[in-house]
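Student: here's a sequence, model it:
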Amino acid sequence: MIGITRDRDGTLHARMKKHGAAGLPAVISSTDEGVSWQLSWQRDYHDWVLAVDGTRAITRWYGLVEQGAPSSAPLLRAVGAAAVDAEGGVALVIGNRLEWRPSVEASAGRATRALIHPLLGDATHLLLLPDGHTAVVAGEQGAYRLDLLNGSLDDCLAGITARPGASKLKRLWSLGQQVMATASYGTFRSLDSGETWLPAPSEWAQLDVEAHVRVDSNNHYLICQRCLAHSSDGGASWRLVDLVTEDHHYHELFTGRRWGNQLLLGTKRGCFVAPLATGTPARYLAALGSGAINALAVDDERAWALDSEGRVFLLDPAAGTAQQLAHLDEPCEFLAYCDAALLAVGEESLYRIEADGSVKHIAPPGSGELAAVDLNDGRILLWNPALPGLAVPTQVGIRSPTGLTLHGQSSMPPFSLMDVYWPPTVTDSTVPV
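Tutor: Next up is the predicted model:
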C-alpha cells in the first residue's frame, strides 16, 4: 500500500504497488467511507498509480491517463509525485521539475506554472495548497514549500535537528584522479584522496548510483535507479540523459558496463544496449528475456550477464544473441571477468565460472555478507565487512587478507544544499483558452 486519498467527489482510493492480479499495481476504491471496496484501476508492471480523479489517474510512467483509453508511449522520466487540485488541475513532479496545469474549465486567464530545482529530483510526496500556486514537496531530500508565483523555495525542516544517522554516505566511486561520494544529501568529489570535498552539482541533488562507467578522463556515466547521468567535465557536474527505449521499457536501472562504443545496461526488465552518443534509442536484447539483470561483465570482445535467477549468459550484443553458460545456486549481484574466468559473489558464497561453464565454489574470507569491487585492471577487491582486512586477489581465487586497513578521516563540508542549488528556475506559460 502506497497511499490512501480522497478525490473531488469524495471517493476514497487506496493505491497499491503489487497487490493487484498477478502482483501488478492496482487501485481499490470506496464510495461509502471505506465500508466496502472495489477494484477500480489496474496498471502494467511498475506503473503504479500516484493520484486518482474520477475516470482520470496519474501513473508513474504514463502521466495523466483516462480510464479505458488506448495506451500511449511511456514518458522518458518517471513521475515521482502527483496531485489534483480542487478545480481538477493536475500537478506533476517529473525529475527535478514541478509543473502545475490548470483544469480546462479554469484555464481562462490561468497559466501552467513550473519550477525546476535539483532538490525536487527524488520527490515522492506532493500537497497542493488552496491558493492555487503554493505546494509542499517532500522526499528523501527533505520537505520544501514552493511558491510558483515568485519562485521561492523554503526548507520546511530548517532549524529542526534530525536524529543522528538520518543522513548517510552511500557509496564512494573512483573517477581516476579523483573520488566521488554519493550521499543522501548530495553528490561530492575530492581531488586530494578524500581530505577535502567539493559539491558536484547535478540536475538531481541526489543521485542514487548503482554503477559507474568510465569512458575517458572527462566522460563518465552514472547508472542510477531512476536515471542515467553523464559528466563531460571529469565528474565536476552531472546532467541527466533521457534513455529512449522502443517497444519495451526498463523501469529501473541496476548496473552497466562499457562495451566498445556502447553502454550495456542491466535493468529490472532485461538488458539494453545504448550508444555512448545520446539521441539514439537503446536496443532491447530480447534473447535475455524480461527478467532483472543483476550484473554484467565484459572483456575486449565478449560480454556476460547474470540474471536474478542466478543464470549466467554469454552475450553477443552486436548480434543480439545470448547463450546460457551456467546456473548458480543463488542470485548474485556481482560479476567480473579475470584470469580467463568469471567470479560471481553471492551474499555469503563465491563462484568461479570457467569458460566451459563449470562452476567451482571458493571458500570466502570468513562468514557473513561479502562485498566486492572490480578494479578494472585485472584485479578484484573482495572483503568481508565484519573483518578488519581486505583481500586483494590477483586471480579469481582468494588470497589471505593482506591486513590492508584504511587510515585517515574526512567529512563532508558543512553547507546547505540550498546554497549549492540556488536559485530555482521558474517558468510561466499561458494556457490557450
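Student: can you give me the strands for the stretch 101-250 of the chain?
Tutor: Counting by DSSP state E, counting those that start in this stretch, the segments of the stretch 101-250 of the chain that form strands are 111-116, 123-128, 134-139, 142-147, 152-155, 169-174, 179-183, 186-190, 198-199, 209-214, 220-224, 228-231, 239-241.
Student: which residues does the residue nearest the centre of the chain contact?
Tutor: Most central in the chain under C-alpha atoms, centre = their mean is residue 225, positioned 1.6 Å from the mean C-alpha point. By C-beta atoms under 8 Å, 6 or more residues apart in numbering, residue 225 lies in contact with 208, 210, 252-254. For the C-beta atoms, the positions are set from N, CA and C on the backbone; glycine is no exception.
Student: what residues are up against residue 177?
Tutor: Here residue 177 is in contact with 191, 217 (criterion: C-beta under 8 Å, 6+ apart).
Student: nope, residue 371 is what I was after
Tutor: Counted by C-beta under 8 Å, 6+ apart, residue 371 has contacts 345, 382-385.
Student: next one: residue 263
Tutor: 213, 221, 256-257, 273-276.
Student: likewise for residue 42?
Tutor: Per C-beta under 8 Å, 6+ apart, neighbours of residue 42: 20-21, 24-27.
Student: beta partners of it?
Tutor: According to DSSP bridges, the residues that bridge with residue 42 are residue 26.
Student: check residue 231 too.
Tutor: residue 220.
Student: I figured it hits residue 215, correct?
Tutor: No: using C-beta atoms under 8 Å, residue 231 is not in contact with residue 215, being 9.8 Å away.
Student: now do the shared contacts for the two.
Tutor: residue 221.
Student: between those two, tell me which one has more neighbours.
Tutor: Of the pair residue 231 and residue 215, residue 231 is the one with more neighbours under other C-beta atoms under 10 Å, namely 21 against 15.
Student: tell me the contacts of that one?
Tutor: 218-222, 237-239.
Student: what is the nearest of the residues you listed to residue 72?
Tutor: residue 239 (26.2 Å; C-beta to C-beta).
Student: beta-bridge partners for the closest one, please?
Tutor: residue 230.
Student: list the contacts of it.
Tutor: Residue 239 neighbours (C-beta under 8 Å, 6+ apart): 202-203, 229-231.
Student: if we go to 10 Å?
Tutor: 201-204, 229-232 (C-beta atoms under 10 Å, 6 or more residues apart in numbering).
Student: of those, which is the most crowded?
Tutor: residue 204 (26 neighbours).
Student: can you get me a residue count around the residue nearest to it when sequence neighbours are not counted?
Tutor: Closest residue to residue 204 apart from its sequence neighbours, by C-beta to C-beta, 6 or more residues apart in numbering: residue 121 at 2.7 Å. Residue 121 is flanked by 27 other residues according to other C-beta under 10 Å.
Student: so residue 121 sits against residue 80, correct?
Tutor: Yes: between residue 121 and residue 80 there is a contact at 8.0 Å, judged by C-beta atoms under 10 Å.
Student: what's the overlap in contacts for these two?
Tutor: 93, 95-96, 139, 226.
Student: where is pLDDT lowest across those?
Tutor: Within the set of those, pLDDT is lowest for residue 226 (80).
Student: contacts only, for the closest residue to that residue other than its chain neighbours.
Tutor: Excluding the flanking residues, the one nearest residue 226 by C-beta to C-beta, 6+ apart is residue 78, at 5.9 Å. By C-beta under 10 Å, 6+ apart, the residues touching residue 78 are 46-47, 50, 59-63, 93-95, 225-227, 251-252.
Student: same thing with residue 28?
Tutor: 1, 4, 12-16, 19-20, 36-42.
Student: now these: which count as buried?
Tutor: 12-16, 20, 40-42 (16 or more other C-beta atoms under 10 Å).
Student: flag whichever of those residues scores worst on pLDDT.
Tutor: Where pLDDT dips furthest among the buried ones among the contacts of residue 28: residue 20, at 74.
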